[in-house]
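Asks: Structure for the following, please:
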Amino acid sequence: MNKVKDPRQFGRVAVLMGGTSSEREVSLNSGANVLAALRARGVDAHPVDGIPALIEALCGSGFSRDESGEGSTASRLKPLPQKAGKFDRVFNILHGNKGGGEDGVLQGLLEALGVPCTGSGVLGTALAMDKIRSKQVWLSLDLPTPRYVRLAPGDDGQDGPSAAGGRKPGAADGQDGPSAAGGRKPRAADVHAAARKLGLPVIIKPSCEGSSVGVSRVFNDADLEAAVELAARYPGELLMEQLIEGQELTVGILGEQALPSIRIVPAGEYYDYHAKYVAEDTQYLCPGLEGDAETEVRRMCLAAFHAIGCSGWSRVDVMRDKTGKFYLLEVNTAPGMTSHSLVPKAAAQVGIDFESLCWLILETSFKQEGASA
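Replies: From the prediction side, this is the model:
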């Protein structure tokens, strides 16, 4: 199964973790586990906290300036020689965006430097991080996802392609208020109009965050503004989405294989941050489904993964309503690798232990070198 037989083939590996996103603590936890697993298998792996530290390790302090005065400004900037301790590849376990490793910025940097990295490339990570753009791609390919409304900061609110009517909520006299992130919130009247169009209950969340950060479930019109206030603490657009009530499922993707689904049964009402990372009483049923339903959810998740340009590994989150219909929620391109995380649980179901899983994920970095190790 393994393409790489000798850990020396990986060279010196940076396990990139931490960073400055809202998911920093989860990433540090994931990174520590990955680091220990790789070292246990003989890989020359080293922790690196955040993208600036990685740049320093790969390139030193960046650029020196040619003071000769000849040529353009760009031509007078000379890359400093790389340090002797540079890394041969990166195991990316940064979570989130804006200082995380799931928004395409890290992938573009490493591609420009010619340093291989695990997981998806620029396009896949950027699209997966943006839930609105993911939905737009899926809908264009008739892949099911909950109806939604895009609420841009300072906007009147614009319907997504699947929202009923295809028109944006009417402008109102309500005043924009500043968000905690320094941006502008959607006007209250427009938020209420969007909720009427979708029909309560709805979910309101930042379009580009993960780990249930900034997410609210809204059943009453009176609670809409508080939900927007919470989501607007994070940068970027907001997403109002039809709340699908039913079974919550996730499917790990490893290479071209969809792993067995996991059905998540939290002790509380919802699978929130606490249930994901703290609680010990959340149940994980694997496989989550049986027969044709299990086959269908795996097929759909693999199709969703490919549709937005992902590769290597990911985790696709899905809801199944009370009629048995599936709805795609999002793709996580650097899923958690903590003791509570789901990709390791699904991999174990098919006989892949945690150390072997980390090895297989690290092998995905070879795709960028155009060769199988």
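Asks: which SS class is the nearest residue to Pro206 once chain neighbours are set aside?
Replies: In space, and not counting its chain neighbours, Pro206 is closest to Tyr234: 4.1 Å by C-beta to C-beta, 6 or more residues apart in numbering. Backbone N, C-alpha and C define where each C-beta goes, glycine included. Put simply, Tyr234 is coil when judged by DSSP: H, G, I helix; E, B strand; the rest coil.
Asks: what's near enough to touch Tyr234?
Replies: Residues near Tyr234 by C-beta atoms under 8 Å, 6 or more residues apart in numbering: Ser22, Ala181, Pro206, Cys208, Glu209, Val213, Gly214.
Asks: what's the distance between it and Ser27?
Replies: Note on Tyr234: its distance to Ser27, by C-beta to C-beta, to the nearest Å, is 16 Å.
Asks: And for Lys135?
Replies: When Lys135 is compared with Ser27 (using C-beta to C-beta), they lie 25 Å apart.
Asks: Those two: which has the busier surroundings?
Replies: Ranked by neighbour count (other C-beta atoms under 10 Å), Lys135 and Ser27 place Ser27 first, with 30 against 26.
Asks: Phi, psi for the nearest residue to that one once chain neighbours are set aside please.
Replies: Excluding the flanking residues, the one nearest Ser27 by C-beta to C-beta, 6+ apart is His95, at 4.5 Å. When read as degrees, to the nearest 10, the backbone of His95 gives phi -110, psi 150.
Asks: Give me the pLDDT for His95.
Replies: Note for His95: predicted pLDDT of 91.
Asks: Could you verify my assumption that it touches Leu106?
Replies: No: counting by C-beta atoms under 8 Å, His95 stays clear of Leu106, with 11.5 Å between them.
Asks: Show me which of the two is the more surrounded one.
Replies: The neighbour comparison of His95 against Leu106 (other C-beta under 10 Å) goes to His95, with 30 against 26.
Asks: Please list all residues in contact with that one.
Replies: Neighbouring residues of His95 by C-beta under 8 Å, 6+ apart: 19, 21, 23-24, 26-27, 30, 101-102, 210-211, 334, 336.
Asks: If we use 6 Å, what do you get?
Replies: The contact partners of His95, taken as C-beta atoms under 6 Å, 6 or more residues apart in numbering, are Glu23, Val26, Ser27, Ala334.
Asks: quick one: which of those residues is most hemmed in?
Replies: Ala334 (32 neighbours).
Asks: Find the nearest non-adjacent residue to that one, please.
Replies: In this structure, Ala334 finds its nearest non-sequential neighbour in Glu102, 5.2 Å apart by C-beta to C-beta, 6+ apart.
Asks: again, but for Gly121
Replies: Per C-beta to C-beta, 6+ apart, closest to Gly121 is Gln107, 5.2 Å.
Asks: Now for the one you found: which residues touch it?
Replies: Here Gln107 is in contact with Gly121, Val122, Thr125 (criterion: C-beta under 6 Å, 6+ apart).
Asks: Cross the residues you listed against strands and list the overlap.
Replies: Counting by DSSP state E, no part of the contacts of Gln107 is found in strands.
Asks: now the residues you listed in JSON lines, with distance to Ser356?
Replies: As requested, the contacts of Gln107 are exported to JSON lines (distance: C-beta to C-beta, whole Å):
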{"residue": "Gly121", "distance to Ser356": "24"}
{"residue": "Val122", "distance to Ser356": "28"}
{"residue": "Thr125", "distance to Ser356": "24"}
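Asks: Can you tell me which of those has the largest number of neighbours?
Replies: Highest neighbour count within the contacts of Gln107, by other C-beta under 10 Å: Thr125, with 31 neighbours.
Asks: Where does pLDDT dip in this structure?
Replies: Residue ranges of the chain with pLDDT under 70: 1-2, 61-85, 152-184, 210-212, 268-280, 368-373.
Asks: And it, what are its domain boundaries?
Replies: Domain assignment for the chain by automatic domain parsing gives 7-119, 147-242, 245-333.
Asks: Tabulate the ones you listed in JSON lines, adding columns for distance to Gly351.
Replies: Converted to JSON lines, the domains of the chain look like this (distance: least, C-beta to C-beta, whole Å):
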{"stretch": "domain 7-119", "distance to Gly351": "16"}
{"stretch": "domain 147-242", "distance to Gly351": "28"}
{"stretch": "domain 245-333", "distance to Gly351": "11"}
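Asks: Nearest to Trp359, out of these?
Replies: Evaluated with C-beta to C-beta, those place domain 7-119 nearest to Trp359, the distance being 5.7 Å.
Asks: Quick one: end-to-end length of that closest one, please.
Replies: End-to-end span of domain 7-119 (C-alpha to C-alpha, to the nearest Å): 19 Å.
Asks: Please apply the same query to stretch 118-135.
Replies: End to end - C-alpha to C-alpha - stretch 118-135 spans 24 Å.
Asks: Next: stretch 191-205.
Replies: 13 Å.
Asks: residues of it that come out buried?
Replies: Using 16 or more other C-beta atoms under 10 Å as the test for burial, stretch 191-205 gives Val191, His192, Ala193, Ala194, Ala195, Lys197, Leu198, Val202, Ile203, Ile204, Lys205.
Asks: Just give me the residue right at the centre of the protein.
Replies: Asn332 (3.3 Å; C-alpha atoms, centre = their mean).
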